[in-house]
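Need a 3D model of the sequence below.
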Amino acid sequence: MLPGGMGIPVGGGIGGLILLVVILLLNGGIPGVGGGGSEEPTVRNTGAGNLDTCTKGTDLAKNEDCRFVFYQNSIEGFWAAELPRRGKKYTRAPMRIFTGSVNTRCGAASSAVGPFYCPPEMRVFLDISFFQTLQTQLGARGGNFAEAYVVAHEYGHHIQNLYGYLDRIKTREGPTSDAVRSELQADCLAGIWTNHATTVPDKDGDTFIEGLTEDDIARGLDAAASVGDDRIQEKTQGRVTPENFSHGTAEQRMKWFKVGMDSGDMTACDTWGSSQL
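Numbering: from 1, shown residues only. Sure thing, here's the model as predicted:
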C-alpha cells in the first residue's frame, strides 16, 4: 500500500482507449540538464527507439530528444531511493519511444492516445511527436518542464502499479470514479518528484536537473490544466459532461500536482480517501 493511500488498472485519454493509463501532454524542454559543474552526467541507456544512443550528457547536443532520458533517469532515480526508504523495493520501468502506433500487452495504441503506461509490461510508452500536437490542439504553453511533468505522471502510474493500486479501479467514468482518483494520484506523485527533482544525483553525484524556475512550475501546472477532462471536452465536443470524466478537471489536476509538489510526501497523495477531489 502507498503510505496513507490505496491501489489501480487503467483508464483512457482523449480517445478513451480502455486498458491504457493515458496522460495527454505537450511540448517543451528541460531546465538545467546536468548540473553540479559536470560536463558529462551519465545517462542510462533505455534501449528505446531513437534514444538508444543517449548514454552520456554530451549526447544531448547531438540529439535533443535525449532530454527524455534525463527526465526518466531523474524520475526513476528519485523513486529508486524513496521507495526503499519506505520499506518498498523499486523495480525499474523501461521507456519505449514509438512513432505512429505501437502494439503492447495492453493492446494497440496510436500517437493520438498520448503517452501511456502499460501495467502488464511495466513500461512507459511515448510518441514524442504527440507533444507538439497537444500543444497546438489543447493550447498548452509547453516547455521542458511540461514534458517532464508528463513523463513523471506516467511513472506515477508505475508507482501505483508497484503498490497494487491499479487493481482498485472498478469505475472508469464519472467525477468521483476510481479512474479519476487514480489519475489525480498520479499527478500528485509527479508533484512529489518535482519537489525533489533538483536533488536527484546521477551515478557521479551530479544532479540531472540544476534548478526549476517559477516559469518552469507554471508550465507544469499549465500542462496539468490543459489535459483536464473539462478542457478536453470543451475543445473536442463543445460541452462538458462530468459523467464521462476519466482524468479529473483542470482545477483538480493542478490541485493534486501542487499537493505533491508542496508536500514532497507520498502520504499527502491519498486521493482515494479524499472527499474533496
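
which residue ranges form the strands in the protein?
21-22, 95-97, 101-104, 107-110, 116-118, 123-126 (DSSP state E).

Which secondary structure elements does the second one sit against?
In this structure, strand 95-97 packs against helix 67-85, strand 123-126, with contacts taken as 3 or more CB pairs under 8 Å, 6 or more residues apart in numbering; DSSP states H and E. For glycine as for every other residue, the C-beta is placed from the backbone atoms N, C-alpha and C.

Make TSV out of those and add distance to residue 206, mean pLDDT and mean neighbour count.
Output for those, formatted as TSV (distance: least, CB to CB, whole Å; pLDDT from 0 to 100; neighbours: other CB atoms under 10 Å):
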stretch	distance to residue 206	mean pLDDT	mean neighbour count
helix 67-85	11	94	21
strand 123-126	24	92	25
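
okay, these in CSV with distance to residue 220 next?
Shown next, in CSV, are the helices and strands packed on strand 95-97 (distance: least, CB to CB, whole Å):
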stretch, distance to residue 220
helix 67-85, 12
strand 123-126, 17
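
ok so, going back, among the strands of the chain, show me which one is buried the most.
Most buried of the strands of the chain, by mean neighbour count (mean count of other CB atoms under 10 Å): strand 21-22, with a mean of 30.

where does the protein have low pLDDT?
Of all residues in the chain, those with pLDDT under 70 make up the ranges 1-50, 130, 134.

What ranges does it have for its helices?
59-62, 67-85, 129-138, 144-163, 178-196, 214-226, 229-237, 250-263 (DSSP state H).

what's the third one packed up against?
By that I understand helix 129-138. By 3+ CB pairs under 8 Å, 6+ apart, helix 129-138 packs against helix 229-237.

Now with 6 Å, please.
Contacting helix 129-138 under the criterion 3 or more CB pairs under 6 Å, 6 or more residues apart in numbering; DSSP states H and E is no other helix or strand.

Dump that helix to PDB, restricted to CA.
Taking C-alpha atoms only, helix 129-138 is exported to PDB below (Å, rounded to 0.1, in the frame of the first residue of the first chain):
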ATOM      1  CA  SER A 129       5.700  13.900 -31.800                       C
ATOM      2  CA  PHE A 130       2.500  13.900 -29.900                       C
ATOM      3  CA  PHE A 131       3.800  16.600 -27.500                       C
ATOM      4  CA  GLN A 132       3.600  19.200 -30.300                       C
ATOM      5  CA  THR A 133       0.200  18.100 -31.400                       C
ATOM      6  CA  LEU A 134      -1.200  18.500 -27.900                       C
ATOM      7  CA  GLN A 135       0.500  21.900 -27.600                       C
ATOM      8  CA  THR A 136      -1.200  23.200 -30.700                       C
ATOM      9  CA  GLN A 137      -4.600  21.400 -30.200                       C
ATOM     10  CA  LEU A 138      -5.000  21.900 -26.500                       C
END
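
hmm, back to that, out of the helices of the chain, which comes closest to residue 93?
Nearest to residue 93, of all the helices of the chain, is helix 144-163, at 4.5 Å by CB to CB.

name the helices or strands packed onto the closest one?
By 3+ CB pairs under 6 Å, 6+ apart, helix 144-163 packs against helix 67-85, strand 116-118, helix 178-196, helix 214-226.

Any idea which of those gets closest to residue 161?
Judging the helices and strands packed on helix 144-163 by CB to CB, what sits closest to residue 161 is strand 116-118, at 7.5 Å.

so how far is that closest one from its chain's centroid?
Distance of strand 116-118 from the chain centroid (CA atoms, centre = their mean, to the nearest Å) equals 10 Å.

Give me the sheet partners of that strand and which way each runs.
Sheet pairing of strand 116-118 (DSSP bridges) gives strand 21-22 (antiparallel), strand 123-126 (antiparallel).
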